[in-house]
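Everything below, folded, please.
(chains A and B)
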Amino acid sequence: MERSTLINQRKAKLEKLRSLGVEVYPRRFAQSHPIEEVIDRYSQLPAEELEKKAIKVQLCGRVVSMRGHGKVAFAHIVNGGSKLQVYIRQDKVSPRDYEIYTLLDLGDFIGVEGTLFRTRTGELTVLVGNLHFLAKALRPLPEKWHGLTDVELRYRQRYLDLLANPRTRHIFYLRSRIIKAFREFLDEEGYLEVETPMMQPIPGGATARPFKTFHNALSIDLYLRIAPELYLKRLVVGGLEKVYEINRNFRNEGISTMHNPEFTMLEFYESYSDYNDMMDLTERMLLAVAEKALGESRISYNGRRISLSPPFRRITLRDSLIKWGELSPEQLNSKEELLKIAHGLSLQVEDNISLPKLMNRLFEELVQSNLIEPTFITDYPIEISPLAKQKREDPAIVERFELFIGGLEIANAFSELNDPVEQRRRFEHQLEERAKGDAEAHWMDEDYVNALEHGLPPTGGEGIGIDRLVMLFTDSKSIREVILFPQLRPRGGAGA
RNA sequence: GGGCCGUUAGCUCAACAGGUAGAGCAACUGACUCUUAAUCAGUAGGUUGAAGGUUCGAGUCCUUCACGGCUCACCA
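Below is the predicted model:
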């Protein structure tokens, strides 16, 4: 049926309810219990006992199914994700309430007062005494059996996805629990949660293209942050020795199953510790989060069972290329050799690519997908790590790790560079890269260097991509499955 | 940005080789006082994503565009 006809039919019913004197959008309804509680408390009681106790309830929810049988009807109502059957009999309700029932559509909200009983087939059900109309749905819900599968509609009208698909609901409940578990863990460790600017005059803390905006009153360009890192370290300079922030980052880059322009990042910094301490902390934290949010220490991802019990494997970037990339130490020292390999894999790399960037590229190609079990990859080239501290024994390498689980990059951490002179040098080098055309090279941030000049203690810092972690914990293949409203190209009109 | 695939009723999907666009659910009318994907009888519902083209004839073939998915490239 044409959509406007469906809506008009429902509007007509709405008017009929009004003409009966029914308040069609009332303010509130006093429920005696959420449906879930009723089920928890009474679903085990035998029918005879239910009848003897004659338990009175006032429940409400959205009507999701109706089965009329002449002068009686069964319906299911849903609230809080739980479903309960209600039973309306013409001889048990007032004529007015019965008329209200006849005007109900799937999707409407109702409240019922009645008595619990068990049907012949054993289902816990409310025998309705009074029926209250709570809100009208003018548009139909997705089909009851197949639900809503059109991916575009699921993302554009997430409310329908949430109504029709229990898995979607589950993912976002779990996402909430995961974030809460991170907070609880860090709070217990003595970390302070802070909020730092989303709008920054100089976008820093990562190598990525920013979104740009303009502040009228100040008449300046501002950038949506690509990372909170430099602000969090300013706080450590200020004596907030353990800080964390869970918030949005924005990167003006491509959209894919692994990338959304805005995404959620946990970053945390701890004074007097280094990247080794961060690895220990990460192991404890991920296990704690899994146990709290999932109730177990193992996850399933892409058909693989993965244990999050420490210790996690630790291997240097270089050794990982030897182990999984089957490269020799000699090859790893030669850009020409690596270029040959890259070309052999038909990777598109520019001939003037630097050795460290080439290594990283080969890592992504050859190694990353093998890192199913939690694995810390350590010791990155300095060139791609402008904010990390060098290793004492090899100044070309920094004290940094990335954590991979299920082949996904989950965390990135390092011993923070706290030498202001060296930091300035690194920024200057980045400026040269930028001048050479690297749009993602880091900006010079004099104010940040100035902060370092006041003294940053030895500090370990880490960022964890919350969306990817939620993907991992919910076995989701696309980041859009774990972001309620992922970025899509806008489309005219509602509903499509 | 490139490649591949998709877009048909409110939802989920059909439609041979180019020959009158169909089903289930939802909706509407009627029957039915323990159903649960209720059942039964009937009714209505379509600019086949958009615009062009080929053809006697296009959901189907061609071109362009829009939106989406996957993938490659780019990118932490």
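
What number of residues are in the vicinity of residue A:447?
12 (other Cβ atoms under 10 Å). For every residue, glycine as well, the C-beta is placed using N, CA and C.

again but with residue A:302, I slipped
12.

Ok, residue A:197 next?
So residue A:197, with other Cβ under 10 Å, has 12 neighbours.

tell me the SS of it?
coil (DSSP: H, G, I helix; E, B strand; the rest coil).

Please work out how many residues are found near residue A:420.
Around residue A:420 there are 17 residues (other Cβ under 10 Å).

Distance of it relative to residue A:446?
According to Cβ to Cβ, to the nearest Å, residue A:420 and residue A:446 sit 11 Å apart.

What of residue A:302?
45 Å.

got it, and residue A:473?
Distance from residue A:473 to residue A:446, by Cβ to Cβ: 41 Å.

Between these two, point out the one with more neighbours.
Taking other Cβ under 10 Å, residue A:473 and residue A:446 do not tie; residue A:473 has more neighbours (25 against 10).

Name the residue of chain A that lies nearest to RNA strand B.
residue A:70 (2.4 Å; Cβ to the nearest atom of the strand).

and the closest residue to residue A:371 other than its chain neighbours, what helix or strand is that in?
Of all residues not flanking residue A:371 in the chain, residue A:404 sits nearest, at 3.7 Å (Cβ to Cβ, 6 or more residues apart in numbering). Taking DSSP states H and E as the criterion, residue A:404 maps to strand A:397-405.

That strand close to RNA strand B?
Yes. Using Cβ under 7 Å from any atom of the strand, strand A:397-405 reaches RNA strand B at residue A:402.

what packs against that strand?
helix A:275-293, strand A:375-381, strand A:408-415 (3 or more Cβ pairs under 8 Å, 6 or more residues apart in numbering; DSSP states H and E).

can you list those in TSV and add mean pLDDT and mean neighbour count?
Below are the helices and strands packed on strand A:397-405 laid out as TSV (pLDDT from 0 to 100; neighbours: other Cβ atoms under 10 Å):
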stretch	mean pLDDT	mean neighbour count
helix A:275-293	97	20
strand A:375-381	95	23
strand A:408-415	95	22
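
Select, out of those, the one closest to residue A:222.
Nearest to residue A:222 among the helices and strands packed on strand A:397-405 is strand A:408-415 (25.1 Å), distances taken as Cβ to Cβ.

Is that closest one in proximity to RNA strand B?
Yes. Strand A:408-415 is in contact with RNA strand B by Cβ under 7 Å from any atom of the strand, via A:409, A:412.

The residue nearest to residue A:371: what's it in contact with?
By Cβ atoms under 8 Å, 6 or more residues apart in numbering, the residues touching residue A:404 are A:368, A:371, A:374, A:375, A:377, A:410.

in the stretch 1-150 of chain A, which spans are strands?
Counting by DSSP state E, counting those that start in this stretch, the stretch 1-150 of chain A has strands at residues A:56-69, A:72-79, A:82-89, A:109-118, A:124-135.
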